[in-house]
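Asks: Can you look at this prediction? I've put the sequence above it.
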Amino acid sequence: MSFSKKVVALVTEEFESKRVKNENTRDNRLIEVYSKIPELRAIDKELSSTGVNILAAAIANKDYAVDKLTELKIRNQELQKNRARLLESHGYSESYTDLHYDCELCQDYGVVGGKLCS
């Protein structure tokens, strides 16, 4: 079944609107918790640098890389536990600042594996 360009554009626009709404909700929640729990911003900043640190370790010498990757993994797990503990101690769920989708299957893109989402 083929859809007209107009229908496809309308559906695409609707999904974009859902994604933007959900991203704004997540962003507002982050602003809220950062104002109430300043330590959380520092934890998130360190967590977001994990990828760069992994890349740096991977291009370093082999012996150093293995030790550094293990260290990074342990530190990342500690940060995630601390983050969850902080949120919960302030009355928030662990996933409060996560991006939530109207449709978890397609993550509000309308397409899964090249096919339209149901």
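Replies: Noted; the coordinates are in hand.

Asks: For the residue nearest to residue 68 when sequence neighbours are not counted, which residues are in contact?
Replies: Using CB to CB, 6 or more residues apart in numbering and skipping residues adjacent in sequence, the residue nearest residue 68 is residue 57, 3.8 Å away. The C-beta positions use only the backbone N, C-alpha and C, and glycine is treated the same way. Residues in contact with residue 57 (CB atoms under 8 Å, 6 or more residues apart in numbering) are 64, 65, 68, 69, 72.

Asks: and with 7 Å instead?
Replies: 65, 68, 69, 72 (CB atoms under 7 Å, 6 or more residues apart in numbering).

Asks: Counting by contacts, list what the longest helix seen in the chain packs against.
Replies: Assignment by DSSP state H gives helix 5-36 as the longest helix of the chain. Applying 3 or more CB pairs under 7 Å, 6 or more residues apart in numbering; DSSP states H and E, we find helix 5-36 packed against helix 38-48.

Asks: Over to the residue nearest to residue 68. Which of the three states is it?
Replies: helix (DSSP: H, G, I helix; E, B strand; the rest coil).

Asks: switch to numbering from 5
Replies: Yes, from this point I'll number from 5; that puts the last item at residue 61.

Asks: how close does it sit to residue 73?
Replies: According to CB to CB, to the nearest Å, residue 61 and residue 73 sit 5 Å apart.

Asks: sorry, back to before: check the gap between the residue nearest to residue 72 and residue 117 for me.
Replies: 33 Å.

Asks: circling back to that earlier point, go through the longest helix of the chain and flag the buried ones.
Replies: 19, 22, 23, 26, 33, 37 (16 or more other CB atoms under 10 Å).

Asks: Grab the nearest non-local neighbour of the fifth one.
Replies: Same thing as residue 33. Residue 33's closest residue in space is residue 101 (CB to CB, 6+ apart), at 5.0 Å.

Asks: So that neighbour is in contact with residue 30, correct?
Replies: Yes: using CB atoms under 7 Å, residue 101 makes contact with residue 30 at a distance of 6.4 Å.

Asks: confidence score at residue 87?
Replies: Residue 87 is assigned a pLDDT of 98 by the prediction.
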